[in-house]
Every structure is written in structure tokens, then in C-alpha cells.
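*Asks:* one predicted model, sequence on top.
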Amino acid sequence: MVDQLIRATAADGGIRAVSVITTSLTEEARQRHKLSYVATAALGRTMAAGLLFASSMKRPGSRVNIRIEGDGPLGGVTVDAGLDGTVRGYVTHPEVELPPTANGKMDVGGAVGHNGYVYVIRDVGFGYPYSSTVELVSGEIGDDLTHYLATSEQTPSALMVGVFSDTQGVAAAGGLLIQIMPKASRDETLVELLESRLGTLAGFTSLLQAGKTLPAIFDELLGDMGLVILPEVQLVRFHCGCSHERVLNALKLFGAEELQEMIQTDKGAEATCEFCSTVYHASEEELAGVLSDLQKEVVSG
Ligand code: ZN
């Protein structure tokens, strides 16, 4: 099924549910960054969560930035997702691989690390972005971000994210977020009921592989609770806003002396966007243009 996000409500608006399929975009990230299996799982889970988090924002142009910094060998996991359905991200050490855990699962917690922090920034496009930090719970990402939502955003939430890869690449990826809205959050039994139902689900990627659609998954969870599935199916995709022009502009940060050296010694420069691994080449002439712009700025500034 094509990558997509759908929204639903239940219990007269007391429950908000969002679900996303991210199989193709996770495969694209895997190929772009040459991710190992465990790195694909870590980044894929975080990208699905990013899209789910961004989906609740209201103002067009809103984005969520999630950074997971653990003490494991993978280094940091960084994701930037928008309400518009675009997402991009990277891990510090994409080549790190770990053997599966004793029960045959990807050892994402071992790769990310069990100690560290989750940083989340919500940016609505004006004013100061809302940012918050919580400690890691397990490094498995789903648990860590559920904990973040409960403590930092004070919204009781159940989050499931998953990535399943085989030797061909990513076979299924996506996630599901169910949140209890303030008008219903005093109802403790509702939270418990939803948690127990999620606990009985086989795991998000297994559901997808069994051929379940997003509406069918919602129906299984919330069908007897006044489920209303919103008609819009939003397409989601991997997208990075970097460009040759932006990269050239960023080269100014090196300063005149280093630019001079890039022109004379290296006869050009190469820069890689960390979010999408696109490599940009700047010619001698382009670097000379950057240098002259920089010098003009220095004179006028
Ligand atoms: Zn990029």
C-alpha cells in the first residue's frame, strides 16, 4: 500500500487516533544513507513517530523535530517531520549493526543506548518553538516517545511504531498513535482499556503484512467506541528541502580564508546534506562567487 496517513476520532472526540504507513519512505531513507538493519529500524520508527506527532499540529507549515541522543553505538537519531506529510532524517553512525535480541527482534535499544535524552521541538512557523526534553526509557523509541507524550505534553497516549526489513529492504513500516483528549482524560478506565487492546495487537508491521488496511486496524481497536474515520487520506513522503543554492550559501560559514584555500588548493568543494545524503559540488567559479558575496557583506556590514 502507498505511504499514507489517516486520522480518526472516537468516544465523541475524547479519543484521537492517527495511523501512518511509511514503508516506501523508510526504504528510501535506507538507500540514501546506506543504513544497516538496526539503523533502518531506529530511523524508521522515529520517522513514523515524527509524522504522527506533526499530524496533530494545526497551522500550515508546522514541523516537529525529534532528536534521540543515547549512549549506544548508533549515536544520535534525528528526524524532521511536517504537518504537510514530508519527513527526513539521519543517524550518526548508519553502518552500525547489532545481532538480534534473544527473542529475535532488532536490538534498537542496544543500538540507541538505554541512557540519554529525547529532545522534541515543535515549530509552528512563528514565535519561539516549543521544545522539551525527557530521559530515555529503553532506547526502543516507541516507549521513549510514549513517555515523552505522557510527561512532557501531558497527553495520555499509546504509540506503536515498527519497521520490518528482509533481505530485499524494508517490507513494512509505520505506526499508530492514540491519544486521550483532555475532555476524556479523567476517565482512567479508558486509558487502561486502550493500553490493553494495543497490548493484544500483533505489532504494527505484522498487521500491515497480514494485509490489514489502516481503517481495518482502527476498526479493530476502536470499532465499538464510536469510531469516526476522517475521509482524507494524506500522502506522506521522504523529502529534504536542501538545494545547491542553500549549500553554497552555507559555505560562507567557512570564512574567507578557507574559501580561498578551497579555490586555490582543492579547485572546488564538495558538501553532503546530512538529512538526505545528497552530495553537492561547488566549482571554483561558484566558490569565487561565494567569496565575493562574503566580502561584500563584510564591507557593508
Ligand atoms: Zn538534504
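*Replies:* Thanks, I have the structure now. Numbers count the residues shown, from 1 in each chain.
*Asks:* and the helix-or-strand element of the chain with minimal mean pLDDT, what does it pack against?
*Replies:* Ranking every helix and strand in the chain by mean pLDDT, DSSP states H and E puts helix 188-200 at the bottom, with a mean of 78. Applying 3 or more C-beta pairs under 8 Å, 6 or more residues apart in numbering; DSSP states H and E, one finds that helix 188-200 contacts strand 157-166, strand 169-180, helix 214-222. Just so you know, the C-beta spots here come from the backbone N, C-alpha and C atoms, and that holds for glycine as well.
*Asks:* so which bits of the stretch 101-250 of the chain are right by the ion?
*Replies:* Within the stretch 101-250 of the chain, the positions adjacent to the ion are 240, 242 by C-beta under 5 Å from the ion.
*Asks:* thought Val2 was touching Gln234?
*Replies:* No. With contact defined as C-beta atoms under 8 Å, Val2 does not reach Gln234; the gap is 11.1 Å.
*Asks:* where along this structure do the helices fall?
*Replies:* Under the criterion DSSP state H, the chain contains helices at 23-33, 37-54, 108-112, 142-151, 188-200, 204-209, 214-222, 244-250, 255-261, 284-300.
*Asks:* okay if I get those helices as JSON lines plus mean neighbour count?
*Replies:* Listed next are the helices of the chain as JSON lines, based on neighbours: other C-beta atoms under 10 Å:
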{"stretch": "helix 23-33", "mean neighbour count": "22"}
{"stretch": "helix 37-54", "mean neighbour count": "29"}
{"stretch": "helix 108-112", "mean neighbour count": "25"}
{"stretch": "helix 142-151", "mean neighbour count": "20"}
{"stretch": "helix 188-200", "mean neighbour count": "13"}
{"stretch": "helix 204-209", "mean neighbour count": "20"}
{"stretch": "helix 214-222", "mean neighbour count": "19"}
{"stretch": "helix 244-250", "mean neighbour count": "14"}
{"stretch": "helix 255-261", "mean neighbour count": "14"}
{"stretch": "helix 284-300", "mean neighbour count": "14"}
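*Asks:* out of these, which gets the lowest mean score?
*Replies:* Mean pLDDT is lowest for helix 188-200 among these, at a mean of 78.
*Asks:* what's the offset of that helix from the middle of its chain?
*Replies:* 25 Å (C-alpha atoms, centre = their mean, to the nearest Å).
*Asks:* angle of it against helix 214-222?
*Replies:* 130 degrees (axes from the mean of the first three to the mean of the last three C-alpha atoms, to 10 degrees).
*Asks:* on that earlier part again, tell me which of Val2 and Gln234 has more neighbours.
*Replies:* Gln234 (17 against 10; other C-beta atoms under 10 Å).
*Asks:* show me what contacts the more buried one?
*Replies:* 4-6, 55, 85 (C-beta atoms under 8 Å, 6 or more residues apart in numbering).
*Asks:* tell me the spacing between the residue nearest to Ile141 when sequence neighbours are not counted and Ala173.
*Replies:* Spatial nearest neighbour of Ile141, chain neighbours left out: Arg45 (4.3 Å); criterion: C-beta to C-beta, 6 or more residues apart in numbering. Per C-beta to C-beta, to the nearest Å, Arg45 is found 8 Å from Ala173.
*Asks:* outline the domain layout of this structure.
*Replies:* 4-238, 244-300 (automatic domain parsing).
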